[in-house]
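*Asks:* My questions are about this predicted structure, shown below with the sequence.
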Amino acid sequence: QVQLVESGGGLVQPGGSLRLSCAASGFTLDYYVIGWFRQAPGKEREGVSCISSSDGSTYYAESVKGRFTISRDNAKNTVYLQMNSLIPEDTAVYYCAADCRPDIVDSWGQGTQVHY
């Protein structure tokens with residue numbers, strides 16, 4: 001079964017850190033761009049960060065630049081999102097997908113909840 005599974009969310013303290021994981025099963029992540037997205041209560045899902053499959057180039061939303069870092073470990077078939085200096089506005093369910101645009105993704109996993 002081809003799927004991406006998010007994990008690593010939890011309750012954080014002001015200024016705290018979390019590392020989210022996006023693990024692939026049924027396919028190899030190496031050849032895919034991977035994006036992280038989040039959806040806060042009452043808000044639309046938004047793109048947070050994205051990493052390319054070719055040269056590892058990255059994209060960050062302005063709201064997380066300098067605080068979040070996306071990385072990939074192809075050997076573990078996993079993409080990570082290191083989140084530092086967390087603020088209340090980061091509270092959301094975080095999702096990963098094999099794209100950078102949320103309007104293109106047609107299927108979402110369960111996500112992982114980040115509580116502030």
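*Replies:* On my side now, so go ahead.
*Asks:* report the longest strand in this structure, please.
*Replies:* Longest strand of the chain, by residue count under DSSP state E: strand 18-25.
*Asks:* correct me, but residue 36 touches residue 92?
*Replies:* No - the criterion here is CB atoms under 8 Å, and residue 36 misses it with residue 92 at 10.6 Å. C-beta coordinates here come from the backbone N, C-alpha and C atoms, glycine included.
*Asks:* What strand or helix carries the residue nearest the centre of the chain?
*Replies:* Nearest to the mean C-alpha position of the chain, counting by CA atoms, centre = their mean, stands residue 36 at 2.8 Å. Using DSSP states H and E, residue 36 falls within strand 34-39.
*Asks:* other SSEs contacting whatever helix or strand comes next after that strand?
*Replies:* The helix or strand immediately downstream of strand 34-39 is strand 46-51, counting by DSSP H and E. If you count contacts as 3 or more CB pairs under 8 Å, 6 or more residues apart in numbering; DSSP states H and E, strand 46-51 packs onto strand 34-39, strand 58-60, strand 68-73, strand 78-83.
*Asks:* And the contacts of strand 46-51?
*Replies:* 33-39, 57-61, 64, 68, 70-72, 79, 81, 94, 100-102 (CB atoms under 8 Å, 6 or more residues apart in numbering).
*Asks:* rewinding a little: buried sites along the longest strand of the chain?
*Replies:* 18, 20-24 (16 or more other CB atoms under 10 Å).
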